[in-house]
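Colleague: The following block contains a protein sequence and its predicted model.
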Amino acid sequence: MSKPNTFADNLSGLNQLSHEGFIGVTEITESLHQNILSIGGLLSKNQQTSGLTGFAYRSVRYVANTGFQSANWAIRQVSPLLPEVAQNQRRMRWLSMLNGVFGDHLVDSGNPLALSMVMVKGQQECTLHQAVEQWSDTSKKPLLMVHGLCLNEQCWQAPGRHGEMLAGLGHHAPLYLRYNSGLAIHENGRQLSDYLHKMSQQLPAGQRIDVVTHSMGGLVVRSAIYAAHQLGFKWPSRVDKLIFLGTPHHGAYLEKTGAVGQYLMNISPYSRPFVNLTGRRSQGIQDLNTGRINTGGRIFALPKHIKTYAIAGLLKKKQAHLAGQFVGDGLVSVASALGHHHKKSRQLNLDKDHQFELPGVSHIGLLSDQQVRELIISLLN
């Protein structure tokens, strides 16, 4: 389970982010100032100003460092007096978005706002023992549901969402994975693989698992299966059915656009300082450029015993075929969601009757649409 959070954790984490943001903006401003003074770097390659101008920027940094350090000291002094923070839905939504954008940086800098991977049952975080207990009931089939970028377990549990619906039918015992979606996909995949390995060792023999994923969550599960293969873990043999909802197997428009923008801004010395801003998006987001699930970008076929299904959304109910295929659900093209690729070696190679295109469904709509819900029920039965 994740560690309890106090108001002091929140204040300390926000103070740390504010400090880093202020210093970052100051460095960008000074770098841009220096590029203008040096005519785009022709007169000097130094990114920092000198003389009186340099003294002014150093003074700004000194005052900022002193102020934020003093605030952090004050927070530590009152920390014992502050209570734990209730895990309310609004706070968790905010943390999930923050971790999606900056999650790897939060972990690397030791920021208390970084989320940890945990299983959730209903509204409560589970210990490993509680998670095993939930899936040990042989009258119900274990179900793992994995959210996408900047989301959390609430995307499955809100009224009318698929997790609530499947739990209500009584055929499955759902557990929801919460994870820091800003970490590299291969890192989340390794953590999930380790967790499922520990669970699998304590589950009843023959207990099979179904998995439903949305967006990045599908890449995390594929990465976990790859990690299990590398480490010799046997838990993937328990997986029966795997459903991808809008998973960008070959990349998403979101990150492709960001990568192109960063490249173009890096061409000019006057816009180059701003690359520091675009480059700060998390590694998780950057991995969405190509749908990378491991460090080497290697292709790994899913085990053949897993019944795998891919569902792609189309924004409009009626649109030109080629345009609709390209736009897809607004973030992921149909080809990427179904695992198609012009290179045969990169194709997901799903059976044709395991691929579905649903018109009138957006990327987020895949989490609540009625036709998606009915299709999931039919596939899991």
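Modeller: Alright, I've got the coordinates. Residues are numbered from 1 along each chain as shown.
Colleague: how many other residues sit next to residue 208?
Modeller: The tally of other residues near residue 208 (other CB atoms under 10 Å) stands at 12. From N, CA and C alone the C-beta is placed, and that goes for glycine too.
Colleague: if I pick it, what's in contact with it?
Modeller: Neighbour list for residue 208: 141-142, 238-240 [criterion: CB atoms under 8 Å, 6 or more residues apart in numbering].
Colleague: ok, those vs residue 246, which is closest?
Modeller: residue 239 (19.9 Å; CB to CB).
Colleague: thought the closest one was touching residue 211?
Modeller: Yes: using CB atoms under 8 Å, residue 239 is in contact with residue 211, at 6.2 Å.
Colleague: Which of the contacts of residue 208 sits closest to residue 294?
Modeller: Using CB to CB, the contacts of residue 208 come closest to residue 294 at residue 239, 18.4 Å.
Colleague: Next, the contact list for the closest one, please.
Modeller: Taking CB under 8 Å, 6+ apart, one finds 208-211, 225, 303, 306 in contact with residue 239.
Colleague: for it, phi and psi?
Modeller: phi -70, psi 130 (degrees, to the nearest 10).
Colleague: Residue 218 versus residue 235, what's the distance?
Modeller: If you measure residue 235 against residue 218 using CB to CB, to the nearest Å, the figure is 17 Å.
Colleague: Oh, that last question was meant for residue 354, not what I typed.
Modeller: Distance from residue 354 to residue 218, by CB to CB: 14 Å.
Colleague: Who has more neighbours out of those two?
Modeller: Remark: of residue 354 and residue 218, residue 218 carries more neighbours, 28 against 17, as counted by other CB under 10 Å.
Colleague: So which residues of the stretch 1-150 of the chain form helices?
Modeller: 7-37, 51-78, 89-108, 128-135 (DSSP state H, counting those that start in this stretch).
Colleague: worst average pLDDT in those?
Modeller: Sorting those by mean pLDDT places helix 7-37 lowest, at a mean of 62.
Colleague: where in the stretch 251-381 of the chain is pLDDT low?
Modeller: For the stretch 251-381 of the chain, the stretches flagged by pLDDT under 70 are 253-280, 317-326.
Colleague: show me where it has helices.
Modeller: Under DSSP H, counting those that start in this stretch, the stretch 251-381 of the chain gives helices at 253-265, 275-278, 283-287, 321-327, 334-338, 370-380.
Colleague: ok, and the residue minimising distance to the centre of the chain, which helix or strand is that part of?
Modeller: Among the residues of the chain, the one closest to the centroid is residue 181, at 2.4 Å (CA atoms, centre = their mean). Here residue 181 is covered by no helix or strand, with elements defined by DSSP states H and E.
Colleague: Give me the pLDDT value at it.
Modeller: For residue 181, pLDDT reads 95.
Colleague: got the contact list for stretch 351-365?
Modeller: 215, 246, 307-318, 324, 329-332, 334, 338, 366, 369, 371-372, 375.
Colleague: Give the bridge partners for the residue nearest to residue 371 when sequence neighbours are not counted, please.
Modeller: Nearest non-adjacent residue to residue 371, counting by CB to CB, 6 or more residues apart in numbering: residue 358, 5.6 Å away. Beta-bridge pairing for residue 358 (DSSP bridges): residue 313.
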